[in-house]
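>>> What follows is a predicted structure for the sequence shown.
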Amino acid sequence: MSHNHNHSHEVQGKNLLFSIILNVVITLAQLIGGIVSGSLALISDALHNFSDVLSLVFSFVAHKLSRRKASLNQTFGLKRAEILAAFVNAATLIIVAFILIYGAIERFFNPQAIESKLVIWLALLGIVVNGFSVLLLKNDADKNLNMKSAYLHLLTDMMASVAVLVGGLLMLFYEIYWIDSVMTLLIAIYLIVVGFDLLKKATKILMLFTPDAINIKEIIKEVHKIKGVNKLHHIHVWHLNEEELHLEAHLDCSEDIKMSEFNNLLQEIEDLLLVKFEINHTNIQPEFKREDPKDYIVQD
């Protein structure tokens, strides 16, 4: 069994903690400002920011839990905590989006005068704070699905603040108050798009789907080139988390070899799987003319 873990994907939880503090401040400011000004887009932005605070806290806790060591009761540790956090965060993005859509449609038919100057200043504050948070998490987001979910929350918040700013300027100079509802709808649509994509990725990992980048037929083809291999079958390939890609299979050997010889054969297979397919955790059951299903994929 191979354990070749790549630690180049380590992420920094301190950046996430700092982003949480910044977002608590901006959430309170936008909520108060939205109530005072009467801006639905600003209140919507504050609501989205509040969901960000919750998601960032969840991501931070999950990040810490995922580093917990394995035990007799948790043989994998809590390595999937970050994937679960990404799933929940993606779901909250979509839920918040539908709440915003409902509010925007209701306000569209009942437009209200809005204190646009306050909206503009708070939108600028949101752009600065969320923009800084986005920069903090940019590097980690490229390496980790949990961090990407937090990053997307912050990125959409920054975009929402830009939309609120544009709406505020149009209201200030042209008194087009229905633009507040339109901007809210645009924010919501974008949330649904990015949230669905993230939700799909997290779901695939949680459901143990074969990773998109993995071609099982290609794995079989390459392994069968190795001398001593008769048939690789009963194959499972899945992500435990984003750093660990697992393969489990039965290997029917072409000869009745000794265990020491199988060790050499196994090492050759592990090296191939790691180098060519980036599979860093391999568990192979040796067999020789054993009477069991020899299909590549077997329904357990």
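Thanks, I have it. Residues are numbered from 1 along each chain as shown.

>>> same question for stretch 239-249, mean pLDDT?
In this model, stretch 239-249 has a mean pLDDT of 93.

>>> Likewise for stretch 62-70?
The average pLDDT for stretch 62-70 rounds to 89.

>>> Residues in contact with that stretch: which ones?
Contacts to stretch 62-70, defined as CB atoms under 8 Å, 6 or more residues apart in numbering, come from residues 11, 13, 16, 74, 76-82, 84-85, 146-147, 241. Backbone N, C-alpha and C define where each C-beta goes, glycine included.

>>> Out of the residues you listed, which end up buried?
Among the contacts of stretch 62-70, those that count as buried by neighbour count (16 or more other CB atoms under 10 Å) are 11, 13, 16, 77-82, 84-85, 146-147, 241.

>>> Where is pLDDT lowest across those?
residue 11 (55).

>>> Without its sequence neighbours, what residue ends up closest to residue 236?
Using CB to CB, 6 or more residues apart in numbering and skipping the chain neighbours, the partner closest in space to residue 236 is residue 248 (4.5 Å).

>>> ok, and for the helix or strand containing the one you found, which residues are buried?
Assigned by DSSP states H and E, residue 248 belongs to strand 245-253. Residues of strand 245-253 classed as buried: 245-247, 249-253 (neighbour count, 16+ other CB under 10 Å).

>>> any chance of those in a markdown table, with distance to residue 29 too?
Shown next, in a markdown table, are the buried residues of strand 245-253 (distance: CB to CB, whole Å):
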| residue | distance to residue 29 |
| --- | --- |
| 245 | 43 |
| 246 | 46 |
| 247 | 50 |
| 249 | 55 |
| 250 | 60 |
| 251 | 61 |
| 252 | 65 |
| 253 | 67 |
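
>>> And those, which two are furthest apart?
Spatially, the most separated pair among the buried residues of strand 245-253 is 245 and 253, at 24.3 Å (CB to CB).

>>> elements contacting the strand holding residue 248?
strand 229-239, helix 259-277, strand 281-287 (3 or more CB pairs under 8 Å, 6 or more residues apart in numbering; DSSP states H and E).

>>> Okay, now the sheet partners of the first one, with direction.
In other words, strand 229-239. Its sheet considered, strand 229-239 pairs with strand 245-253 (antiparallel) by DSSP bridges.

>>> quick one: contacts of the strand it pairs with?
With CB under 8 Å, 6+ apart as the criterion, strand 245-253 contacts 211, 214, 219, 228-240, 262, 265, 269, 273, 277-290, 292, 294.

>>> Can you tell me the element residue 129 falls in?
Using DSSP H and E, residue 129 sits in helix 116-141.

>>> typed the wrong thing, it's residue 193
Element membership for residue 193 (DSSP H and E) is helix 179-206.

>>> could you check the angle strand 229-239 makes with that helix?
When axes from the mean of the first three to the mean of the last three CA atoms, to 10 degrees is applied, the directions of helix 179-206 and strand 229-239 differ by 150 degrees.

>>> For helix 179-206, which residues meet the burial criterion?
179-188, 190-192, 194-195, 198-199, 201-202, 204-205.
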